[in-house]
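1. could you look at this predicted model? Sequence included:
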Amino acid sequence: MTDRSVNVVFGGEAGQGLVTIGQLLAKGLVRNGFFIVVTQGYQSRIRGGHNTFSIRTSAEEVRAPQETIDLLICLDIQTRAIHGPELSSQGLMVVDSGWEGNGLACLEVPFKKLAAARFSNILALGVAGALIGLPEEVVGQALEEFFIHKPPSVAGENRKILKTAYQWTEGQPVSFPKLPYPSHPGRRWMMHGNEAIALGALSAGLKFFSFYPMTPSTSIALTLSPQAEAMGLIVEQAEDEIGAINMAIGASFAGVPSMVSTSGGGFALMVEGVSLAGMTETPLVIVVAQRPGPATGLPTRTEQADLEFILYAGHGEFPRAVFTPGSVEACFRLIRKAFELAELAQTPVFLLTDQFLADSYRAIDPFEVSDLSPVRPGTEWSGPVASYLRYALTETGISPRLLPGRSEHLVVADSDEHTEDGHLTEDLSIRKQMVGKRLKKIETLVRQVDPPEFSGDTKPDLLLVTWGSTRGSVLEAAAKMRSKGKRVGTLHFSQVWPLVPEQFMGFLKEAGEVVCVEGNAFGQLSRLIRQETGFQIAKQVLRYDGLPITPEFIIKAFEERFH
Amino acid sequence: MVTLEDYGTFETAWCPGCGNFSILSAVKKALVGLGLKPHQVLLVSGIGQAAKAPHYIRANVFNGLHGRALPVATGAKLANPELTVIAESGDGCTYGEGGNHFLAAIRRNINLTLLVHNNQIYGLTKGQASPTTEEGRITKAQPQGVPSAPFNPLAVAVAMQAGFVARAFSGMADHLTDLIQQAVSHHGFSLIDILQPCISFNLVNTLAWYKKRCYALPDDYDPAQWEPAMKTAMEWGERIPVGVIYRNKRPSFEDHFPVLKQGPLVGRGVDQKKVKQILGSYA
């Protein structure tokens, strides 16, 4: 029990149904008004290995994962060995009978006696639900919905096992503190970062999505595919990432909001396409779900080390914007903004997330979508056919974008340097004008920047600066430090490019000390801020072992290194 | 009425005597012959001298990256199937850099036409071997002779049971025009591999060399038969067949997407009620 929240961890091999029971318990919790932060740990294999599904839950808002474990459900003996030492002081371990607790608080469940082996995950779910005090009906309903497309007997059988688990657990002499229930349970949705990205894109008017499967971005495609027919969009698994991005550029050129998603290695292949979108001024939304690199790195773990790659990806110079959402809600809001901005400035726009946020289920307040307007590609043009210039030099650098085949006007786009009418040119004075035209669009991007979010004490002794998915852990770490009497503020960047120093320099200068918290080894945001403002952030808390930054990690770093 | 003038006349960057000129003229004649207006047509190309062809035709144009004409053309066709989409590029662009996209386009059977200007050499970068250069040919970049066997695009396409597989020769202008019309009219993926001389860098496969060898497939040749087509696709040497080598009627890629049955994606709005419904399923 930590600060009235409980961290429940299911551990076992891939293929044991770990994610299923984790999702079902999480669903039950959210439906009863609890907040959750899910962290999924898995290996690059289909069966076996060691996986975890961790749910930190509380009646009050939680924003970050927790390292110590309050309730450890061991589906295999390896889990006991790996995670037993992480049990909190009041923690409890659930193991199969005969495994022994190694001196740790332990509930031995006679799995084999209670049900057939194929039901052991449902048994584990029931034991966990009963221990934390979540009613059996709640978990049972989630279970029935899960089997809705199977014959009713399947749900019935599973429901029976769940009941057995609850009855058995409630008859045990073990006591585990029941979760305090929310006083005013809100109606919330359960969603992870990638789902919010996919659904936000749908509401923004996404009509073409191409991808090549790559962890941890693939669930965006898996969320979109089942909706394609109803929502009128095409989802295409391309032959490779190069095909994916070029296809999306073709679709966008032809007039539909388009998006690709990938991870670092796949994005490396897409980079020439990024330059193509920049040069042809084709709107494009690119989602990069970061994982540790270089090369294949740790394929299923998390890191925030592709910031510099995204900032500079592509040859030559062209404008771009980079969003780095810090929550599931921000994934939804910022992917919408990415579509609007891509269309407005006719340029590639990035959304940078990571494995932790991509897979992290949360309880979120429902989005109101009825008044959200979708992106409308292209502009109206009433001039004569011959006078239409795709790359007309304008005050803002933004040229009228017509859609091929939608009128008698002809649309000519070119990856070579080109004249106003889109034809390739070797006239070097035009080259200079066209570079100037494209770079002028930066002013439009700058006007639209999502300002960094400041919270906590003004003029603090300590300012924690961060970006992307680390937001929740920084907020909780700051709150903890404040409760010990320190004046602490936080500054979170949900957009890292363009940077508008006027939006944040005041916060940096007013703070007694500034520390950057990032999931990489270079301190990439620190470097970017120094490059753009000359302000040196001397101290950093950096994590790059493949795990998400937690509040404990930040606090420990302060205790060990800075004091 | 559509006329040749509608498709414009432009100054080109090609060498005098290049095979590209007669291909350009055949494309324009074919479009006029089909009664297509310039705004109904989208020409997509990659990089190279052949890839410049769309710049010399008044139509919608997307001149993209080396090897990437096909994915761009595929995306554009899916967004708006009402467009007549023609991808046009050279042998290096299409079969070298774009090899994987070539295979994928055949598998998809996307309803577009691919015109490959095949001069068996890299012209724009001044004379290196291309994927279709014969084994052993000596070039500046391959002074010991090309060490790899040439790529046979027609045999590969027939082997994959592509929709429409043809070979043309830039020196047989009317024949080429007719093939382009057939290819554009075909519902599904159409490939025309167009043999053309490179007067600057391929001094072996000259206009005279092709003229001596290229012959039109006889009227009684049946492109619906796969096995003879495979044999015809392999025929290369003293005699080189031109014409429709293989034709296979199967559903095009777009036919598989129910969303396209209600018309093109372009211009469609978003039903936020449906979005709301989908979001509601996360409760």
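-> That came through fine.
2. which residue does chain B have closest to chain A?
-> Of all residues in chain B, B:Gly75 sits closest to chain A, at 2.9 Å by C-beta to the nearest C-beta. For the C-beta atoms, the positions are set from N, CA and C on the backbone; glycine is no exception.
3. make sure that residue is indeed in a helix.
-> Yes - per DSSP: H, G, I helix; E, B strand; the rest coil, B:Gly75 lies within a helix segment.
4. grab the nearest non-local neighbour of it.
-> Spatially, and ignoring its direct neighbours in sequence, B:Gly75 is nearest to A:Gly250 (2.9 Å; C-beta to C-beta, 6 or more residues apart in numbering or on different chains).
5. and the one you found, helix, strand or coil?
-> Quick answer, by three-state DSSP: A:Gly250 is helix.
6. can you give me the helices for the stretch 1-150 of chain A?
-> Secondary structure of the stretch 1-150 of chain A (DSSP state H, counting those that start in this stretch): helices at A:18-31, A:77-83, A:111-114, A:120-132, A:136-146.
7. export those to JSON lines and tack on mean neighbour count and mean pLDDT?
-> Shown next, in JSON lines, are the helices of the stretch 1-150 of chain A (neighbours: other C-beta atoms under 10 Å in any protein chain shown; pLDDT from 0 to 100):
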{"stretch": "helix A:18-31", "mean neighbour count": "23", "mean pLDDT": "97"}
{"stretch": "helix A:77-83", "mean neighbour count": "17", "mean pLDDT": "93"}
{"stretch": "helix A:111-114", "mean neighbour count": "15", "mean pLDDT": "95"}
{"stretch": "helix A:120-132", "mean neighbour count": "25", "mean pLDDT": "97"}
{"stretch": "helix A:136-146", "mean neighbour count": "18", "mean pLDDT": "95"}
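8. of these, which is nearest chain B?
-> Closest among the helices of the stretch 1-150 of chain A, using C-beta to the nearest C-beta: helix A:18-31, at 7.8 Å.
9. quick one, the closest one and helix A:136-146 angle?
-> 130 degrees (axes from the mean of the first three to the mean of the last three C-alpha atoms, to 10 degrees).
10. what lies in contact with helix A:18-31?
-> Helix A:18-31 has contacts (C-beta atoms under 8 Å, 6 or more residues apart in numbering or on different chains) with A:8, A:10-12, A:36, A:38, A:40, A:51-53, A:55, A:57, A:75, A:121-122, A:124-125, A:128-129, A:134, A:138-139, A:141-143, A:146, A:188-190, A:361, A:363, B:283.
11. and for residue 253, the neighbour number?
-> This is for chain A. Counted with other C-beta atoms under 10 Å in any protein chain shown, the neighbours of A:Phe253 add up to 31.
12. try again with chain B
-> Quick note: B:Phe253 (other C-beta under 10 Å) scores 21 neighbours.
13. what pLDDT does it get?
-> The confidence metric pLDDT takes the value 98 at B:Phe253.
14. how about A:Val385?
-> At A:Val385, pLDDT is 86.
15. quick one: it from B:His39, how far?
-> As judged by C-beta to C-beta, to the nearest Å, A:Val385 and B:His39 stand 8 Å apart.
16. residue of the stretch 401-550 of chain A nearest chain B, please.
-> A:Pro404 (3.7 Å).
17. then the stretch 201-350 of chain A?
-> A:Gly250 (2.9 Å).
18. OK, contacts around that residue?
-> B:44, B:62, B:71-77, B:79.
19. hmm, back to that, A:Val385 and B:His39: which is more packed in?
-> It is B:His39, of A:Val385 and B:His39, that has more neighbours when counted by other C-beta under 10 Å, with 20 against 12.
20. is the more buried one in contact with A:Leu402, as I believe?
-> No - the pair B:His39 / A:Leu402 is not scored as a contact, 10.1 Å apart, by C-beta atoms under 8 Å.
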